[in-house]
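*Asks:* sharing a model prediction with you, sequence too.
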Amino acid sequence: MAKLLEGKFVAEIIKEQLRSEITNLKIAPVLASIIVGNNSSSLAYIKSQEKTAISLGIIYKLHKFPENISEKELADFIIRLNQDKSINGVILQRPLPLVLDYIKISSMISAGKDVEGIHPSNMGRLVFGKSGIYACTAGAVMELLKSTGIDLYGKEAVIVGSSEIVGKPIALLLLEKFATVTVCHIATSEAGRLKEHVKRAEILIVAVGRAGLIKGQWIKKGAIVIDVGINRLNDLIVGDVDFKTAEKRASFITPVPGGVGPLTVVILMRNLIEATKLQQ
Ligand code: NAD
């Protein structure tokens with residue numbers, strides 16, 4: 001039976017490190033958070049960001065805008081935050097109303113204040129293995145893998161899901177550790193080849209958003225399984241991996257909820273501290 005990889009334990013260890021880094025900074029870092037509209041999952045994420053920020057001595061400034069804000073007004077506000085020396089980091093909450101282009105607007109946040117690690121130049125640095133600011137979920141996955149104590153060198157790693165904020169940055173971070181990386185996506189499934197790739201995985205990371213996509217029988221015995229997916233199934237939150245069967249074959253597995261999620265927000269704060277250090 002697999003050992004559970006619970007994000008809260010790793011999160012506590014990282015929070016302790018962050019507290020001492022904040023003491024060394026000699027200022028309380030300030031995170032400006034922008035939300036447009038009232039999306040319920042964004043509101044829940046904001047609460048968790050604020051709680052984590054306060055617990056670390058970080059100042060969390062929330063800026064709420066109505067759904068009908070124009071792209072120009074939002075862009076002008078971001079530019080003001082970029083220029084404001086009292087602000088160390090900026091996060092634009094997802095999703096934006098459909099009429100607003102998230103990629104275009106979020107890339108207006110200057111690279112030095114991009115605490116989500118999604119600015120093209122922070123992404124670019126990742127290609128060279130030079131970035132201290134990663135996409136938060138990717139950072140969380142890497143911390144969970146580190147907590148297993150397993151050396152990734154030469155391991156067969158399979159990622160299912162190739163989004164810009166999850167799958168692609170994880171692939172780059174795993175390459176940095178010299179894992180052999182395969183990235184699967186919708187076309188892999190459509191070609192009927194998902195199962196054969198998953199079956200080879202010594203490290204399996206799944207970030208799709210489809211409950212039960214990965215069957216437990218596909219998991220290689222002893223694999224490490226990180227399930228990033230979040231799906232609402234009736235009243236339950238479940239991942240993309242069929243947990244009950246997978247835990248019988250894996251060596252380590254993340255629960256959903258309680259695996260990657262609790263760490264993501266801590267990595268966001270780590271990115272803020274990294275950005276503040278670079279500004280100093
Ligand atoms: P996305 O929609 O941007 O990307 C989904 C990816 O899955 C794409 O690469 C797509 O090609 C692939 N895909 C879709 N159907 C597939 C199939 N049948 N077989 C194989 N691949 C398929 O999603 P995202 O933003 O990367 O999020 C993925 C999941 O991770 C969602 O459930 C999201 O809620 C969750 N998530 C969790 C956290 C966290 O902190 N725990 C953070 C971000 C995202």
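*Replies:* That came in fine, so what should we check first?
*Asks:* quick one: the residue most central in space within the chain and E116, what's the gap?
*Replies:* The chain has T137 as the residue nearest its centroid, 1.2 Å off, counting by Cα atoms, centre = their mean. According to Cβ to Cβ, to the nearest Å, T137 and E116 sit 10 Å apart. In short, each C-beta sits where N, CA and C put it, glycine included.
*Asks:* do I159 as well
*Replies:* I159 is 19 Å from E116, by Cβ to Cβ.
*Asks:* again with V206
*Replies:* 21 Å.
*Asks:* who has more neighbours out of those two?
*Replies:* V206 (27 against 23; other Cβ atoms under 10 Å).
*Asks:* quick one, phi psi at that one?
*Replies:* Note on V206: its backbone torsions stand at phi -120, psi 120 [degrees, to the nearest 10].
*Asks:* so it makes contact with A157?
*Replies:* No - between V206 and A157 there is no contact under Cβ atoms under 8 Å: 11.8 Å.
*Asks:* pLDDT score for G129?
*Replies:* On pLDDT, G129 comes in at 88.
*Asks:* show me the strands in the stretch 151-280 of the chain, by range?
*Replies:* With DSSP state E, counting those that start in this stretch, the ranges of strands along the stretch 151-280 of the chain come out as 156-160, 180-184, 203-206, 224-227, 231-233, 236-238, 252-253.
*Asks:* what sits against L213?
*Replies:* By Cβ atoms under 8 Å, 6 or more residues apart in numbering, L213 lies in contact with 160, 189, 194, 206, 229, 240-241.
*Asks:* buried subset of these?
*Replies:* 160, 194, 206, 229, 240-241 (16 or more other Cβ atoms under 10 Å).
*Asks:* just these now: which is nearest K215?
*Replies:* Ranked by distance to K215 (Cβ to Cβ), these are led by V241 at 8.5 Å.
*Asks:* the closest one and the ligand, how far apart?
*Replies:* Applying Cβ to the nearest ligand atom, to the nearest Å, the value for V241 to the ligand is 11 Å.
*Asks:* so what's that residue up against?
*Replies:* Contacts of V241 (Cβ under 8 Å, 6+ apart): 204, 206, 212-214, 216, 219, 225, 227, 229, 253, 256.
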